[in-house]
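Undergrad: build the 3D model from these lines:
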Amino acid sequence: MSEYAFTRAIAVSPTSRPAVFQARLDRAWTIHGGPINGGVTLALATNALANRFGAAFGHADPLCVSALYLTAALPGPATVYTKLLRRGGSISSGQASLMQVDAQGRDVERTRVIATLGGLSGATDGVATVARPPQLPDPVNCLGSDDLPRALVEETELMERYEVRLDPATSGWLHGQPSGLGRLRAWFRMRDGMEPTPPDADPGRGRASSSRLRPRRLRLGADPRTDRACTGPAHAWLAADRVVLGQPRRRADRGGRRDLGLPVTGW
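TA: The predicted structure follows:
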């Protein structure tokens, strides 16, 4: 069993049917004691595809992933049904549906993932990208957990799993002074020492493990800088940049018409 909590959280077990996997959603990854964090269900479903395509075609490295969150996933057992949409020589595309049985005994789809996976271990010429990591101040100059509202830290189980350092330039909302920039930048790392990518992995090689979800694209944000003021092991931070796109909508109200901002977010 892996020493890392996230790897255990997204682990899947094969069944007698090659396209179907079993999993268990851990209560430690809930939001305010309720639903499971959507990033975890996305990662778990993608991991099922990585296990199937990796074993069948050598395509175990996620290259492009998108998800639909259809209903709230809850702690407990889950089943992931995978489907091959297209197989190619270097990449394959597939769909994974994470299902749970509700209180009435019905199968309910929680998260549906569409992903393209490849085999980076076969990339003899290296893997390149034109993407650039977000630009942030050093972690020691950013806002830590002590600067966050206590209710957020105490009521969100996820906060026990990771460390975060917020860029002061995009964190005015903490003090009632939003920046108006429409984005949130931060450093992020797991508390148990899990690196953004395995420290012992060759950049051009995949790993045959249940943690295969960690795509090489995460290297784009990994930074060797460490926060010397933090307790615990020193390991790399992951730079994240969350863009909030406001899509205004108007609706009729008794007092006239009122603008409603409907944010669409993504990392």
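
Undergrad: so who does Pro178 touch?
TA: Listed by Cβ atoms under 8 Å, 6 or more residues apart in numbering, the contact partners of Pro178 are Gly172. Using the backbone N, CA and C atoms, a C-beta is placed for each residue, glycine as well.

Undergrad: measure it to Leu136 for me?
TA: Remark: distance between Pro178 and Leu136 (Cβ to Cβ, to the nearest Å) = 18 Å.

Undergrad: what's the answer for Gly94, then?
TA: For Gly94, the distance to Leu136 - Cβ to Cβ - is 34 Å.

Undergrad: over to Thr7?
TA: Thr7 is 26 Å from Leu136, by Cβ to Cβ.

Undergrad: of the two, which one has the most company?
TA: Leu136 (24 against 21; other Cβ atoms under 10 Å).

Undergrad: ok, the more buried one touching Phe188?
TA: No - using Cβ atoms under 8 Å, Leu136 is not in contact with Phe188, being 10.6 Å away.

Undergrad: between those two, what contacts are shared?
TA: Contacts common to Leu136 and Phe188, judged by Cβ under 8 Å, 6+ apart, are Ala239.

Undergrad: now do the helices in the stretch 1-150 of the chain.
TA: With DSSP state H, counting those that start in this stretch, the ranges of helices along the stretch 1-150 of the chain come out as 5-9, 38-57, 150-155.

Undergrad: could you dump the ones you listed into JSON lines and include distance to Asp102 and mean pLDDT?
TA: Below are the helices of the stretch 1-150 of the chain laid out as JSON lines (distance: least, Cβ to Cβ, whole Å; pLDDT from 0 to 100):
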{"stretch": "helix 5-9", "distance to Asp102": "21", "mean pLDDT": "92"}
{"stretch": "helix 38-57", "distance to Asp102": "15", "mean pLDDT": "96"}
{"stretch": "helix 150-155", "distance to Asp102": "25", "mean pLDDT": "68"}
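
Undergrad: buried deepest among those helices, which one?
TA: Stretch with highest mean neighbour count among the helices of the stretch 1-150 of the chain: helix 38-57 (a mean of 24; mean count of other Cβ atoms under 10 Å).
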